[in-house]
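A.B. asks: sequence first, then the predicted structure, then my questions.
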Amino acid sequence: MAHIGIVGGGLMGCATALYLMEQGHSVTILERDAGGLPASVGNAGILAVPEIDPLARPDMLLSVPKWLLDPLGPLTLRWQDLPSLMPWLTKFLLSASSAKVAASRAALLYLMKTAEADHIRLGSFAGISGHMRDTGALTVFDSIAARDKAFAHETENARLIGCNVEALDVAEARRRVPALTGPFAGAVFNDGHKTFEYPLTFLRRLQATLRERATLLDATVSSVAQADAGVIVRTEGGREFTFDKLAITSGVWSRRFVADLGLKVLLETERGYNTTFMNPATTLEMPVFFAEHGFVATPFENALRIGGAVELASPDAPANDKRAAAMRKKMRRYVPDLQEEGGTEWMGRRPSTPDSLPVISLHPRDPRIAFAFGHGHVGLTLAATTGRHVARLLAGEGESALAPFSIARFQ
């Protein structure tokens, strides 16, 4: 069995490590802030299997001008960063053709079909069970026309995934989620969504398993390099490791290591914001999406998280906490009893590709090196599936269905 290094200890790195360990490999994970709060912990905590639509698609592009006029709307662009974002944005626009959208949907569907089973298996590796609840999710709409359009589309996705959707009137939506006392026109219920335990708790449980059964180092990787004897990883602290094989699972920071290895990738951040209320006065029975406003509210045990939206900006740009406040304000239109004070704000960096397809791939010229990043809004959903595929790729068991996720598409 091999000694395999993993650069990045968020959910993607943890899942990859556990699947590799199940194969009998020795694993060392290097994470620059193992006790910190990466993008893994700020997610909405939803297994979002029905979400097979890429971000770039014709109907979304029609809404972009309106969104960009609202600096606190569902999509915003930090204009100072426009020059550096242009290559990504250009490819994003080109990815919105009907043919490319259909190809991306088919590719994401392939991954989504095993997402739940892969997470159950991942939990068994770590001795975790009961970490996903069958809640379904509700999406509320401001007009019947918007609801009916979404219902038709979700019905098609449900047919592909194997779940069920219902169009609800206001009374039925409020029966299922009584806190929705504000005005809206209707809702769609989808039973294909599940709710995870609190994301930070889930990550820490996986990391605890790795601390017991593998090596998890708090170290900032400065560079990676190929050598005849193995793959070399150097840290800012001056340490050097040589691994038989290596997986890069560092989110948006992966792009610097891709460059070290002589490759290119279009990878930017869709920065998202959230507010988490602990022991909230208002509770929800299930996640509620406010699709026309680009955010979702998720209930956890003793917590409520309100977050989402997309801010295209440099990873290191200062946070705009007004975006989190704007989501709370909008939610109070629908849930007037949402408390005003006591929430904790957070900003995270979703690593995203222009075509919404993650990179799950071997190095085109070096099968000792694998990449797993760029999952955008579905990182939690696809973490276990990605870990399983990376373990198989490094074992020489690749499959043609993974071709759309190859890093070769950026070369």
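C.D. replies: Perfect, I can see it now.

A.B. asks: elements contacting the helix or strand hosting T90?
C.D. replies: Assigned by DSSP states H and E, T90 falls within helix 82-94. If contacts are counted by 3 or more Cβ pairs under 8 Å, 6 or more residues apart in numbering; DSSP states H and E, helix 82-94 sits against no helix or strand. Yep, even glycine has a C-beta here, placed from its N, CA and C like the rest.

A.B. asks: after that helix, next one along is what?
C.D. replies: Per DSSP H and E, the first helix or strand lying C-terminal to helix 82-94 is helix 98-112.

A.B. asks: tilt between that next one and helix 82-94?
C.D. replies: With axes from the mean of the first three to the mean of the last three Cα atoms, to 10 degrees as the basis, helix 98-112 and helix 82-94 are set at 90 degrees to each other.

A.B. asks: what's the spacing between the lengthiest helix in the chain and its chain's center?
C.D. replies: Secondary structure of the chain per DSSP state H: the longest helix is helix 144-161. In terms of Cα atoms, centre = their mean, to the nearest Å, the centre of helix 144-161 is set 22 Å apart from its chain centre.

A.B. asks: renumber starting at 13 from here on
C.D. replies: Yep, numbering from 13; the last one is helix 156-173 now.

A.B. asks: who's in contact with it?
C.D. replies: With contacts defined as Cβ atoms under 8 Å, 6 or more residues apart in numbering, helix 156-173 is touched by 61-62, 64-65, 121, 124-125, 151, 153, 176-177, 179, 197-200, 202, 204, 303-304.

A.B. asks: mind listing what's buried along it?
C.D. replies: Under the neighbour-count criterion of 16 or more other Cβ atoms under 10 Å, helix 156-173 has 158-159, 162-163, 166, 169-170, 173 buried.

A.B. asks: in the helix holding T102, what's buried?
C.D. replies: 97, 100-101, 104.

A.B. asks: now do stretch 55-64
C.D. replies: 55-64.

A.B. asks: other SSEs contacting the helix or strand bottoming out on mean pLDDT in the chain?
C.D. replies: Using mean pLDDT, DSSP states H and E, helix 70-80 stands out as the lowest-scoring helix or strand of the chain, at a mean of 83. Other helices and strands packing on helix 70-80, by 3+ Cβ pairs under 8 Å, 6+ apart, are strand 87-89.

A.B. asks: within the sheet, what are the partner strands of the strand it packs on, with directions?
C.D. replies: strand 315-325 (parallel) (DSSP bridges).

A.B. asks: ok, residues contacting the helix or strand hosting G360?
C.D. replies: Using DSSP H and E, G360 sits in strand 356-364. By Cβ under 8 Å, 6+ apart, the residues outside strand 356-364 that reach it are 49-51, 53-55, 67, 263-264, 266, 279-290, 319, 327, 331-333, 336-337, 385-389, 391.

A.B. asks: taking strand 315-325 as reference, get the angle to it.
C.D. replies: Going by the same axes, to 10 degrees, strand 356-364 makes 50 degrees with strand 315-325.

A.B. asks: using PDB, list the CA coordinates for strand 356-364.
C.D. replies: Output of strand 356-364 as PDB, limited to C-alpha atoms (Å, rounded to 0.1, in the frame of the first residue of the first chain):
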ATOM      1  CA  THR A 356     -22.900  35.200  14.100                       C
ATOM      2  CA  GLU A 357     -21.900  36.300  10.600                       C
ATOM      3  CA  TRP A 358     -19.500  34.400   8.400                       C
ATOM      4  CA  MET A 359     -18.100  34.700   4.900                       C
ATOM      5  CA  GLY A 360     -16.700  31.700   2.900                       C
ATOM      6  CA  ARG A 361     -15.000  31.000  -0.400                       C
ATOM      7  CA  ARG A 362     -16.800  28.500  -2.600                       C
ATOM      8  CA  PRO A 363     -14.200  27.200  -5.200                       C
ATOM      9  CA  SER A 364     -15.900  27.400  -8.500                       C
END
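
A.B. asks: which stretches of the stretch 313-423 of the chain form strands?
C.D. replies: Using DSSP state E, counting those that start in this stretch, the strands of the stretch 313-423 of the chain run over residues 315-325, 356-364, 371-375, 378-385.

A.B. asks: returning to what we had before: out of the buried residues of helix 156-173, which is nearest to A114?
C.D. replies: N169 (12.9 Å; Cβ to Cβ).

A.B. asks: spatially nearest residue to R69, not counting backbone neighbours?
C.D. replies: Nearest residue to R69, sequence neighbours excluded (Cβ to Cβ, 6 or more residues apart in numbering): V113, at 4.7 Å.

A.B. asks: mind listing what the one you found touches?
C.D. replies: Contacts of V113 (Cβ under 8 Å, 6+ apart): 65-66, 68-70, 107.

A.B. asks: for the residue nearest to D45 when sequence neighbours are not counted, name its beta-bridge partners.
C.D. replies: Sequence neighbours aside, D230 is the residue nearest to D45 in space, at 7.2 Å (criterion: Cβ to Cβ, 6+ apart). In this structure, D230 bridges to E43 when assessed by DSSP bridges.

A.B. asks: circling back to that earlier point, now the least confident helix or strand of the chain and helix 110-124, what's the angle there?
C.D. replies: Using the same axes, to 10 degrees: helix 70-80 against helix 110-124 is 100 degrees.

A.B. asks: can you report how many residues lie near the closest residue to Y122 other than its chain neighbours?
C.D. replies: Nearest non-adjacent residue to Y122, counting by Cβ to Cβ, 6+ apart: A413, 5.2 Å away. By the other Cβ atoms under 10 Å criterion, the neighbourhood of A413 contains 12 residues.

A.B. asks: do G21 as well
C.D. replies: As a burial measure, G21 scores 29 neighbours (other Cβ under 10 Å).

A.B. asks: and the gap between S110 and A415?
C.D. replies: Using Cβ to Cβ, to the nearest Å, S110 is found at 20 Å from A415.

A.B. asks: what pLDDT, on average, does the longest helix of the chain get?
C.D. replies: Across helix 156-173, the average pLDDT comes to 97.
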